[in-house]
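**Student:** here is a sequence with its predicted model. Questions after.
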Amino acid sequence: MTELLTAAQMRAIEQAAIASGEVTGLELMERAGQGVVEAIFEEWPEYESAPQSVAVLCGPGNNGGDGFVVARLLAGKGWTVKVFLYGDPDKLPADARTNYEIWLADNQVEELTERAFRKEPYSLHIDALFGTGLSRPLEGEAFNVASHMSGRNGDDYSDSVVAIDAPSGLCLDSGTVLEEAPPSLGHPIFDQQGQEPRGRKPFQDRFAALTVTFDSPKFGHFVNEGPSVCGQVVVKDIGLEQWRVLKGTKPGTPPRSLRLPHSVLLGERPLVKDRRKPWISRFGFVRCKKASTKGHKYTHGHALVLSGGHGKTGAARLAARGALRIGAGLVTVGAPRAAMMENACQLTAIMLRQMDGADELRTLLQDSRFNVVCLGPGLGLAADREGLVLEVLQANRATVLDADALTQFEDRAEALFEVLHENCVLTPHGGEFARLFPDLAEKLNAPATTGPAYSKVDATREAAKRAGCVVLFKGPDTVIAAPNGLCSVNSAHYDRSAPWLATAGSGDVLAGFITGLMARGLDPMQAAETAAYLHVECALDFGPGLIAEDLPEQIPAVLRRLDVLR
Ligand SMILES: NC(=O)C1=CN([C@@H]2O[C@H](COP(=O)(O)OP(=O)(O)OC[C@H]3O[C@@H](n4cnc5c(N)ncnc54)[C@H](OP(=O)(O)O)[C@@H]3O)[C@@H](O)[C@H]2O)[C@@H](O)CC1
Ligand SMILES: Nc1ncnc2c1ncn2[C@@H]1O[C@H](COP(=O)(O)OP(=O)(O)O)[C@@H](O)[C@H]1O
Ligand SMILES: [K+]
């Protein structure tokens, strides 16, 4: 797994490295520029032997400084290089200024205007306008040129833009393209369609072919609009590893105030061995040399999944199937009398118990072998459903609350938060999140006019803290956070893109996966992270045409491929 950083963390690491005296800012800038050039030739190997023309758009900060380095290195390889500068050269920060002057010694720099930019065609366009220092929306000629490059005038440059650190305009903390203040700010907040008025953005969709970032990816590359504007993201090492945040107490470690709880990107083969839990560790999967032969079905837990009423039972069965396939020893569906026949006709390995109302649920839960309960999928919103949720939470079992179990508490989220405990996982999609955390959703959906903008990561962290349990906020950029601030992003973007996962019932299966893993003894954060990861892996292996029923059936092949023993 990869550590994700905020722009502030990245800056702190850079400053710590420079303060140590072991490296200078200028050296880091040189390495960054070299990294970009390397990435260009990895992406377009045919250009190695065929120098091209390139426009390098430099901004007023160190992102622009990287641009001057790239210009020099490409010119040294025989490329025809045109450099544009946005901003006052006298105000460039020292390292950028040095590289500007080196370039200027033998070459020219033209002021960036859309008109000047459009005079000639170029094979590549290097966007070195803004990176981690973006503090407000693009304006003036920077806005005009970025909009032009993203197709405002009908020419789409997306295939030839290489963005340094970020497509300029993208906030690297939130993955939001900053926009100018909406025209009617200070007037009615919503327009006639009930939408918040939006300001202009330079680009809304794919902007760069390639984004080259340094040391570690940033949150903004993976959440919200980031993946749709970055093209692909390549991370280049610039030798900062020993100063990385959270690496311990080495000299030069950034101040504690800048350390965020560990944040990781799920989705690569994970690598840390945890002998206490040989199956799956906090950091992901562990290869076991030998399968344990000691376990029996009860040591793998017994999950209870509550079914909705007659005609609404499919969602619970999907969750139950997911729980069983992913490794719960036993799974029982608890169904109201009216839904028994419907469930009985469709369940075989999964057991079925009649359970009408909170009293019967209480009796059922006296069996302590039920070590995890999942409720919400298809549960319905009738008044008595709330009693079921409360009963389960009072029983103090590991609990997964999804769908209707969350919606039930719309406008009364406090009543839910009071009874939630640390062994719970909430799995809202955007709508459910807004019902439980309306203020956070409002902040998240408000137009982002200054950076760093409020992000899905911020919202999920706040939600987990408020709820006192793990919150998994679904989407192609699923964010999972624990009350202590631990946070992961499970991205279904770039090479893990699986849009066919947006199919009815796939969220129910995800709830089941979490349930099954908690039955196996994983803690809520581990279970949520692992389930979200496997969910996408199942979708990727199955491919387009997937329906929710296919997800649990894909689990054996995925576990085999990942070499995870059961
Ligand atoms: N960290 C590292 O390890 C390394 C970092 N490196 C590189 O440095 C980059 C970060 O550099 P940076 O901090 O100078 O910020 P950058 O993005 O160039 O912009 C800041 C300037 O833009 C201005 N400004 C902001 N928004 C604006 C707007 N909309 N319109 C107009 N102006 C705007 C802002 O002004 P202010 O907000 O102060 O008014 C300030 O003057 C990073 O992305 C990477 O490429 C590598 O060289 C080596 C290792
Ligand atoms: N574009 C997408 N790419 C990948 N996964 C997605 C995408 N859209 C949604 N998902 C995932 O699909 C699931 C949908 O869950 P949910 O919205 O609860 O649907 P349902 O209620 O039909 O089960 C979630 O796990 C979500 O993360
Ligand atoms: K940039």
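**Tutor:** Good, I have the coordinates. Ligands and ions are numbered 1, 2, ... in the order given.

**Student:** who in the protein is up against ligand 2?
**Tutor:** Neighbours of ligand 2 within the chain, by Cβ under 6 Å from any ligand atom: 403, 429, 474-476, 478, 492, 498-499, 501-502, 504-508, 510, 535. Bear in mind the C-beta positions are built from the backbone N, C-alpha and C, glycine included.

**Student:** quick one, strands of the stretch 1-150 of the chain?
**Tutor:** 2-3, 53-58, 80-85, 109-111, 124-128 (DSSP state E, counting those that start in this stretch).

**Student:** helices or strands next to the third one in the packing?
**Tutor:** Packing partners of strand 80-85 (3 or more Cβ pairs under 8 Å, 6 or more residues apart in numbering; DSSP states H and E): strand 53-58, helix 62-76, strand 109-111.

**Student:** the last one pairs with which strands?
**Tutor:** Using DSSP bridges, the strands paired with strand 109-111 are strand 80-85 (parallel).

**Student:** tabulate the helices and strands packed on strand 80-85 (TSV), appending distance to ligand 3.
**Tutor:** TSV is the format used below for the helices and strands packed on strand 80-85 (distance: least, Cβ to the ion, whole Å):
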stretch	distance to ligand 3
strand 53-58	8
helix 62-76	5
strand 109-111	17
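
**Student:** for ligand 1, find the nearest of the ones you listed.
**Tutor:** helix 62-76 (3.2 Å; Cβ to the nearest ligand atom).

**Student:** where does this protein dip in pLDDT?
**Tutor:** By pLDDT under 70, the weakly predicted segments of the chain are 1, 183-196, 245-262, 267-297, 564-566.

**Student:** swap in 80 and give it another go.
**Tutor:** Along the chain, the model assigns pLDDT under 80 to residues 1-2, 182-197, 204, 244-299, 563-566.

**Student:** nearest to ligand 1: which residue in the stretch 401-550 of the chain?
**Tutor:** Counting by Cβ to the nearest ligand atom, the stretch 401-550 of the chain gets nearest ligand 1 through residue 451, at 7.3 Å.

**Student:** actually the stretch 151-300 of the chain, not the one I wrote
**Tutor:** The nearest approach of the stretch 151-300 of the chain to ligand 1 comes at residue 165, 3.6 Å away (Cβ to the nearest ligand atom).

**Student:** OK, contacts around that residue?
**Tutor:** Residues near residue 165 by Cβ atoms under 8 Å, 6 or more residues apart in numbering: 63, 66, 131, 132, 172, 211, 212, 213, 214, 218.

**Student:** rerun at 10 Å
**Tutor:** Residues near residue 165 by Cβ atoms under 10 Å, 6 or more residues apart in numbering: 7, 10, 32, 36, 62-63, 66, 127-128, 130-134, 172, 211-214, 218, 220-221.

**Student:** go on, residue 365?
**Tutor:** So residue 365 contacts 304, 334, 355, 373, 391, 392, 394, 395, 396, 397 (Cβ under 10 Å, 6+ apart).

**Student:** phi and psi next, for it.
**Tutor:** When read as degrees, to the nearest 10, the backbone of residue 365 gives phi -80, psi 0.

**Student:** please apply the same query to residue 538.
**Tutor:** When quoted as degrees, to the nearest 10, the phi and psi of residue 538 stand at phi -60, psi -40.

**Student:** count the residues that sit near it.
**Tutor:** Per other Cβ atoms under 10 Å, the neighbour tally for residue 538 reads 28.

**Student:** does it touch residue 322 like I think?
**Tutor:** Yes. Taking contacts as Cβ atoms under 10 Å, residue 538 lies within contact range of residue 322: 9.5 Å.

**Student:** shared neighbours, those two?
**Tutor:** Taking Cβ under 10 Å, 6+ apart as the contact rule, residue 538 and residue 322 both touch 506, 509, 510, 513, 551, 552, 553, 555.

**Student:** check those and tell me the two furthest apart.
**Tutor:** Using Cβ to Cβ, the two most remote members of the shared contacts of residue 538 and residue 322 are 510 and 553, lying 14.8 Å apart.

**Student:** who has more neighbours, the two?
**Tutor:** When residue 510 is set against residue 553 and neighbours are counted by other Cβ under 10 Å, the residue ahead is residue 510, at 30 against 13.

**Student:** how about that one, nearest residue that isn't a chain neighbour?
**Tutor:** Among residues not flanking residue 510 along the chain, residue 535 sits closest, at 4.9 Å (Cβ to Cβ, 6 or more residues apart in numbering).

**Student:** what kind of secondary structure is the one you found in?
**Tutor:** helix (DSSP: H, G, I helix; E, B strand; the rest coil).
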